[in-house]
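Asker: please work out how this folds:
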Amino acid sequence: MTNPTWAYEYAANIIKSRWPEAEPVIMKEAEWAFYYAENTIEGRWPEAEPVIMAEPKYAYVYAQRIIQGRFMEAEPHIMTDLYWWVQYESRFDIYE
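Answerer: Just a heads-up that it's a prediction; the model follows:
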């Protein structure tokens, strides 16, 4: 098993719970790591946060939906994408 999409889909739709053996594969892509945290873990997934924070979009939605607050460690990454940084600033009342 090497495909993050299929590993996530199997965990979410077939097993319907965490699949520890597949987590290293799932966390290879920010998108699937985020969805796994949101829909399977239903909370923070610290082991995958470095991957999630590397993608501004998923760092933002992770902050919004999972952390429900600022994702301080990810802010330098989110700032690299103007669209997602403006969304983030607005959502969390950050005005520099």
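Asker: could I get the full set of helices for the protein?
Answerer: For the chain, helices defined by DSSP state H occupy the ranges 4-9, 23-26, 30-36, 49-53, 56-61, 75-78, 82-91.
Asker: can you give me the buried ones in the last one?
Answerer: To tie it back to what came earlier, the one meant is helix 82-91. Trp84, Trp85, Gln87, Tyr88 (16 or more other Cβ atoms under 10 Å). Bear in mind the C-beta positions are built from the backbone N, C-alpha and C, glycine included.
Asker: and of those residues, the nearest to Pro76?
Answerer: Set against Pro76, the nearest of these by Cβ to Cβ is Trp85 (10.2 Å).
Asker: picking up where we left off before, can you redo the helices of the chain as a markdown table with mean pLDDT?
Answerer: Shown next, in a markdown table, are the helices of the chain (pLDDT from 0 to 100):
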| stretch | mean pLDDT |
| --- | --- |
| helix 4-9 | 97 |
| helix 23-26 | 98 |
| helix 30-36 | 98 |
| helix 49-53 | 98 |
| helix 56-61 | 98 |
| helix 75-78 | 98 |
| helix 82-91 | 97 |
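Asker: spatially central residue in this protein, please.
Answerer: Nearest to the mean C-alpha position of the chain, by Cα atoms, centre = their mean, lies Phe34 at 2.9 Å.
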